[in-house]
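Undergrad: model this:
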Amino acid sequence: MVFAGKAYLQMPLTSDHTAAAMFISVASPESVPTQGTVIAEALSLCNESFDQRDKKYKSIVLISDGEDHDEQAVKVARELRKQGVVIHTIGIGSPGGAPLLDPVTNMYKKDAEGNQVLSRLNEAWLSDIADAGGGTYQRFTQTETVRAELMSALAQMEKRPLAEESNTEYQYFFPWLLVLVLILLLWEWFIPERRQALSLPKAPVLAMLMLCFCTGLQTQAQEANKTVREGNRLYQDKEYDKAADQYRKALEQQPGLAAAKYNLGHALYKAGKKEEAITAYKDAMEALPNATDQSNAWYNQGVAWQNMQKLKECISAYKESLRLDPTNQDARQNLQQALKQMEQQQQQQQKNKNEEQKKDSKQQEQPQQPNQQNKQKEPRQQPSKISRQEAENRLKALLQQEKALQDKLNRQHQASPVKPDKDW
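TA: This next block holds a predicted model:
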């Protein structure tokens, strides 16, 4: 769950550590377009992701500076505790306050009054949330220290057995062979007795060939799945190139294996081979069994395109992802970000174009230097004469034009949407 001024479900609950690592790696402050801090909304959305039938075994780890702007977090934490959710909090930041750097202007943020904005770690508030949620609070110092204390706190919770299942869908072709055998048996039934006697020794041979063929298919599928598991192990060890080799080997053993094609895209992406990763995701599309998985494949393509700054391609990929799965919040969120980036890019291009045109126009209007030999022959321009009354009339007209322009700008400003006072 990522949140700022709004909370977004970055990834559903899963025991797939590989998928979790991939989703976490693409999370960034730019992933949440609405700025602010709404801890209460984030806690509520986390609770919705749990199985509501469970009244225990549930925990939320909140990582924040505690600068909550809606002041409902403690109340929500208390309600979640009644539903069996334990909330642990981790504070990040400085209690004394630190300035916020605006990535757009590369300057420190200021409020409406021109004062520099300081983000302070609100340890008291995070501690209150942890107390209300029945958990613990700790300030982030070192990763290993925080991890050890958090694991110790989680170890005290009541647990239940959790079985991780991996299902493989096989495509069985032996029914077609059975149909062929049935046809041969019927044909044997109606042929003359002499030919029937000649055909009898061939029946066991055909049955043996069919048995060997089916056994070979099953063994081949098992070997391919074993190779995929080895690739997953290498992926978790961050040996992405070796993992990609294992996935390719699995595809040689069983062409069309969806897991191998899909995971090959992950490994290539993490290895920095984004264009090859996109190709792998496209190849996996036909093998993926449902629209949700296909939507995720399009989403992954969009992430790769976006990291390559190919905004047009990434926008198209995110749209395809949402077409297949309109509930894909990650694709919707990244699409908004990509559209915003493209708009900024187009504005910058237009600005550069206007500056070039202005520069060219200025060069064309600049008078050329007259030749020294013809300089004395050019007529001299006489200064214009204007009366005082005419000058006052012109000045008055200019002031009226300026006032009309200012009124127009004020109306446009009033029509524009009101931004929140705090965007941090």
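Undergrad: Give me the buried positions along the host helix or strand of Gln349.
TA: Secondary-structure element containing Gln349, defined by DSSP states H and E: helix 329-365. Within helix 329-365, the residues that qualify as buried by neighbour count (16 or more other C-beta atoms under 10 Å) are Asp330, Ala331, Arg332, Gln333, Asn334, Leu335, Gln337, Ala338, Gln341. Placement of C-beta: from N, CA and C, glycine included.
Undergrad: Same question for stretch 42-55.
TA: Ala42, Leu43, Ser44, Leu45, Cys46, Asn47, Phe50.
Undergrad: next one: stretch 287-296
TA: Buried residues in stretch 287-296, counted by 16+ other C-beta under 10 Å: Ala287, Leu288, Asp293, Gln294, Ser295, Asn296.
Undergrad: These: which two are farthest apart?
TA: Greatest spatial distance in the buried residues of stretch 287-296: Ala287 and Ser295, 14.6 Å, computed using C-beta to C-beta.
Undergrad: tell me the domain boundaries of this structure?
TA: Residue ranges for the domains of the chain, per automatic domain parsing: 2-155, 182-287, 305-351.
Undergrad: got CSV for those domains, with mean pLDDT and distance to Lys359 too?
TA: Conversion of the domains of the chain to CSV gives the following (pLDDT from 0 to 100; distance: least, C-beta to C-beta, whole Å):
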stretch, mean pLDDT, distance to Lys359
domain 2-155, 78, 25
domain 182-287, 74, 37
domain 305-351, 86, 13
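Undergrad: Same list (the ones you listed) but as CSV, adding distance to Gln357.
TA: Formatted as CSV, the entries for the domains of the chain read as follows, by distance: least, C-beta to C-beta, whole Å:
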stretch, distance to Gln357
domain 2-155, 25
domain 182-287, 36
domain 305-351, 10
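Undergrad: Quick one: the helices in the stretch 101-250 of the chain, in order.
TA: All helices of the stretch 101-250 of the chain, identified by DSSP state H, counting those that start in this stretch, fall at 123-132, 143-155, 174-190, 193-199, 202-236, 240-253.
Undergrad: List the buried residues for the first one?
TA: I take that to be helix 123-132. In terms of neighbour count (16+ other C-beta under 10 Å), helix 123-132 has its buried residues at Glu123, Trp125, Leu126, Ser127, Asp128, Ile129, Ala130, Asp131, Ala132.
Undergrad: and the angle from it to helix 143-155?
TA: With axes from the mean of the first three to the mean of the last three C-alpha atoms, to 10 degrees as the basis, helix 123-132 and helix 143-155 are set at 30 degrees to each other.
Undergrad: Can you show me the CA trace of helix 123-132 as PDB?
TA: Included here for helix 123-132 are C-alpha records, laid out as PDB according to Å, rounded to 0.1, in the frame of the first residue of the first chain:
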ATOM      1  CA  GLU A 123       6.800  10.300  17.000                       C
ATOM      2  CA  ALA A 124       4.100  11.000  19.600                       C
ATOM      3  CA  TRP A 125       1.400  10.600  16.900                       C
ATOM      4  CA  LEU A 126       2.900   7.400  15.500                       C
ATOM      5  CA  SER A 127       3.200   6.000  19.000                       C
ATOM      6  CA  ASP A 128      -0.500   6.800  19.700                       C
ATOM      7  CA  ILE A 129      -1.400   4.900  16.500                       C
ATOM      8  CA  ALA A 130       0.600   1.900  17.600                       C
ATOM      9  CA  ASP A 131      -0.900   1.900  21.100                       C
ATOM     10  CA  ALA A 132      -4.400   2.200  19.600                       C
END
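Undergrad: Which neighbouring elements make contact with that helix?
TA: Packing contacts for helix 123-132, counted by 3 or more C-beta pairs under 8 Å, 6 or more residues apart in numbering; DSSP states H and E, involve strand 58-64, helix 73-82, strand 85-91, strand 134-139.
Undergrad: ok, 7 Å please
TA: Helix 123-132 makes packing contacts with helix 73-82, strand 85-91, strand 134-139 when contacts are defined by 3 or more C-beta pairs under 7 Å, 6 or more residues apart in numbering; DSSP states H and E.
Undergrad: quick one, which of these is nearest to Leu268?
TA: Taking C-beta to C-beta as the criterion, strand 85-91 is the member of the helices and strands packed on helix 123-132 that comes nearest to Leu268, at 33.6 Å.
Undergrad: Skip ahead from the closest one and say which helix or strand is next.
TA: Next along from strand 85-91, by DSSP H and E: strand 98-99.
Undergrad: what does that next one contact?
TA: Surrounding strand 98-99, the residues in contact under the criterion C-beta atoms under 7 Å, 6 or more residues apart in numbering are Tyr108, Gln116, Val117, Leu118, Ser119.
Undergrad: contacting residues for the closest residue to Ser94 other than its chain neighbours?
TA: Nearest residue to Ser94, sequence neighbours excluded (C-beta to C-beta, 6 or more residues apart in numbering): Leu121, at 5.8 Å. When the contact criterion is C-beta under 7 Å, 6+ apart, the partners of Leu121 are Asp65, Gly66, Gly91, Gly93, Ser94, Pro95.
Undergrad: again with Gly134
TA: For Gly134, the set of contacting residues under the criterion of C-beta under 7 Å, 6+ apart consists of Arg81, Val86, Ile87.
Undergrad: how close does the nearest residue to the second one once chain neighbours are set aside sit to Ile92?
TA: I take that to be Val86. Among residues not flanking Val86 along the chain, Ser59 sits closest, at 4.5 Å (C-beta to C-beta, 6+ apart). Ser59 sits 19 Å away from Ile92, taking C-beta to C-beta, to the nearest Å as the criterion.
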